[in-house]
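Sharing a model that was predicted from the sequence below.
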Amino acid sequence: MRLVRLLTAAGLSLCLTVLRIAAQEPAASDACADAVRLVASGEATNEHAGWALAHVVRCPDGPATIATRWRVAEDRPEVLAQLRAWNYQIHDQRIAEAAIAVARDPSRPTNLRLLALETLVSYLGARVTGQVEFSPRVGAQPPAADIPDRVYTLSRELATDANPLVARAAQNKWQQITDVVPRLASLPAGTLTLVNVCGRKFRITNSSRIDLSTELTIAPERPALQLRIPAEATRDIVVAARDTARLLFGGREVASAATGGECH
């Protein structure tokens, strides 16, 4: 009898647990529906229904709702702060697309465009942002594999934007990404050149608008020389090259030159 009572109690407990879970599921679904509605309508603020701002990132339609907020966002401190907070919490292709559109749009407020650029750079990972503990969840539509390349191209293009604040910020991001992830940089032919002046004296020219970190190899048994060439500048260097010096950027050879005759 005691065993029967124990089994009955265990079964009753299990049934009650299942019922509690079943009762909670519609509530969670309703919470997401309310959060999405409040955030999409702009009704959710820190003062009113603030829970929705935090809860929306857990919802299936959360990324699409956040992307919508990007498209209609105004230049207000609380709005910018919330967009930045969401970026720390979730990354999604739809949000990235919305941020790209905002960053490119000259009609949008400057602060919003700057935040969009900052947000997109975070999609390149902690190595670029320097925030090791920054690990947002990934939305239902993970960022596409080409997002890093698109962000790099965007920063390079916006470096000539008509808005000087946007142009300066974009140039800084372009420089930062190039330094940390040089493989993303697709240098046009002739951006870096290496010519022999005479003897073992070589001249390196960087025609890019940003500084470039290079390596100059002079002999197989010698370590490569690490050289930082300023933007739109030339640097002369005398090395112990025997036959040919090779210039590398991002591990790829971009130019080479043989030693020349006597210097006069």
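Thanks, I have it. Residues are numbered from 1 along each chain as shown.

mind checking pLDDT for the residue nearest the centre of the chain?
Central residue of the chain (CA atoms, centre = their mean): residue 121, 2.5 Å from the mean position. Per-residue pLDDT puts residue 121 at 95.

for it, helix, strand, or coil?
helix (DSSP: H, G, I helix; E, B strand; the rest coil).

my guess is it contacts residue 154, does it?
No. Look at residue 121 against residue 154 with CB atoms under 8 Å: they stay out of range, at 9.6 Å. C-beta: built from backbone N, CA, C; applies to glycine.

Would you mind measuring from the residue nearest to the centre of the chain to residue 180?
Going from residue 121 to residue 180 by CB to CB, to the nearest Å gives 10 Å.

cool, and residue 36?
Using CB to CB, residue 36 is found at 36 Å from residue 180.

Compare neighbour counts for those two and give me the winner.
Per other CB atoms under 10 Å, whichever of residue 36 and residue 180 has more neighbours is residue 36, with 22 against 14.

Work out for me the element that one sits within.
Using DSSP states H and E, residue 36 sits within helix 2-41.

Which helix or strand lies directly C-terminal to that helix?
Using DSSP H and E, the helix or strand that directly follows helix 2-41 along the chain is helix 50-55.

same question for that following helix, mean pLDDT?
Helix 50-55 comes out at a mean pLDDT of 92.

model confidence over the next helix or strand after that helix, on average?
Downstream of helix 50-55, the first helix or strand assigned by DSSP H and E is helix 62-72. Taken as a whole, helix 62-72 has a mean pLDDT of 96.

what packs against the next helix or strand after helix 62-72?
Counting by DSSP H and E, the next helix or strand C-terminal to helix 62-72 is helix 77-89. In terms of contacts (3 or more CB pairs under 8 Å, 6 or more residues apart in numbering; DSSP states H and E), helix 77-89 is packed against helix 62-72, helix 110-122.

For residue 80, find the nearest of those.
For the helices and strands packed on helix 77-89, proximity to residue 80 was assessed by CB to CB; helix 110-122 is nearest, at 5.6 Å.

Report the inter-axis angle for that closest one versus helix 62-72.
Helix 110-122 and helix 62-72 meet at an angle of 150 degrees, taking axes from the mean of the first three to the mean of the last three CA atoms, to 10 degrees as the criterion.

which residues sit against helix 110-122?
Defining contact as CB atoms under 8 Å, 6 or more residues apart in numbering, one finds that helix 110-122 is touched by 70, 73-75, 80, 83-84, 87, 91, 95-96, 99-100, 102-103, 105, 128-129, 131, 134, 147, 151, 154-155, 158, 163, 165-166, 169-170, 173, 176-177.

Point out where the stretch 151-264 of the chain drops to low pLDDT.
Scanning the stretch 151-264 of the chain for pLDDT under 70 picks out the ranges 264.

What segments of it are strands?
Along the stretch 151-264 of the chain, counting by DSSP state E, counting those that start in this stretch, strands occupy 192-198, 201-206, 212-217, 225-229, 233-238, 244-249, 252-258.

Distance to residue 50 and mean neighbour count added to those strands, as TSV?
Compiled in TSV, the strands of the stretch 151-264 of the chain are given as follows (distance: least, CB to CB, whole Å; neighbours: other CB atoms under 10 Å):
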stretch	distance to residue 50	mean neighbour count
strand 192-198	52	16
strand 201-206	50	19
strand 212-217	45	19
strand 225-229	48	14
strand 233-238	52	13
strand 244-249	49	19
strand 252-258	50	15
